[in-house]
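Student: Structural data only, the sequence is not supplied:
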């Protein structure tokens with residue numbers, strides 16, 4: 001079995017709370033490095049839609065409980 005040097009495994013669900021400058025940058029960086037399942041939580045639906053359009057996240061919601069139950073890791 002190959003040992004991973006990453007603290008985050010590609011098959012884990014990761015939720016980012018807040019998709020502003022910092023949260024959006026973290027999401028975009030993870031996706032650009034090939035991380036699999038990135039979810040976003042934000043109070044503005046248009047921010048979530050824009051992040052999906054840009055490829056920063058795979059899915060998102062204005063309702064935290066919808067994403068948090070699917071996440072293995074949460075970044076606040």
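Tutor: That came in fine, so what should we check first? What you are looking at is a predicted structure, and each value in this text was computed from that prediction instead of being measured.
Student: surely residue 45 meets residue 52?
Tutor: No: look at residue 45 against residue 52 with C-beta atoms under 8 Å: they stay out of range, at 10.7 Å. The way it works is simple: take the backbone N, C-alpha and C, and place the C-beta from them, glycine included.
Student: Spell out, range by range, the strands that occur in this structure.
Tutor: For the chain, strands defined by DSSP state E occupy the ranges 13-17, 37-41, 59-61, 73-75.
Student: quick one, helices of the protein?
Tutor: For the chain, the helices defined by DSSP state H occupy 21-32, 45-54, 64-68.
Student: mind putting the ones you listed in TSV, mean neighbour count included?
Tutor: Shown next, in TSV, are these (neighbours: other C-beta atoms under 10 Å):
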stretch	mean neighbour count
helix 21-32	16
helix 45-54	15
helix 64-68	15
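Student: Could you dump the strands of the chain into CSV and include distance to residue 29, mean neighbour count and mean pLDDT?
Tutor: Below are the strands of the chain laid out as CSV (distance: least, C-beta to C-beta, whole Å; neighbours: other C-beta atoms under 10 Å; pLDDT from 0 to 100):
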stretch, distance to residue 29, mean neighbour count, mean pLDDT
strand 13-17, 11, 23, 95
strand 37-41, 10, 23, 96
strand 59-61, 17, 19, 97
strand 73-75, 11, 15, 94
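Student: Below-threshold pLDDT in this protein: ranges please.
Tutor: 1-10 (pLDDT under 70).
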